[in-house]
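**Q** Requesting a structural model of the entry that follows:
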Amino acid sequence: IVSTNLVGSLICTREAIRIMGAQEKGGHIFNMDGAGSGGSSTPLTAV
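**A** Residues are numbered from 1 along each chain as shown. Purely as a prediction, here's the structure:
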């Protein structure tokens, strides 16, 4: 799960950079964490 979430974030960020770089105004990327970020899982919130 950690690998999937980490790699998924990296792939999405890479594509967002590619798309925003092609735009005139660019953009911003906010990678945020959420439930379970403290090391404990929260039931029924798997991605």
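**Q** going forward, measure contacts and count neighbours with C-alpha atoms only.
**A** OK.
**Q** and the gap between the most centrally placed residue in the chain and Glu24?
**A** The centroid of the chain falls nearest to Ser9 when counting by CA atoms, centre = their mean (3.3 Å). Note on Ser9: its distance to Glu24, by CA to CA, to the nearest Å, is 24 Å.
**Q** Likewise for Pro43?
**A** Counting by CA to CA, the gap from Pro43 to Glu24 is 42 Å.
**Q** residues near Met20, how many?
**A** The local packing of Met20 (other CA atoms under 10 Å) involves 15 other residues.
**Q** quick one, what contacts Thr13?
**A** Ile29 (CA atoms under 8 Å, 6 or more residues apart in numbering).
**Q** give me the element it is part of.
**A** Secondary structure from DSSP states H and E places Thr13 in helix 2-22.
**Q** Let me see the mean pLDDT of that helix.
**A** Helix 2-22 carries an average pLDDT of 90.
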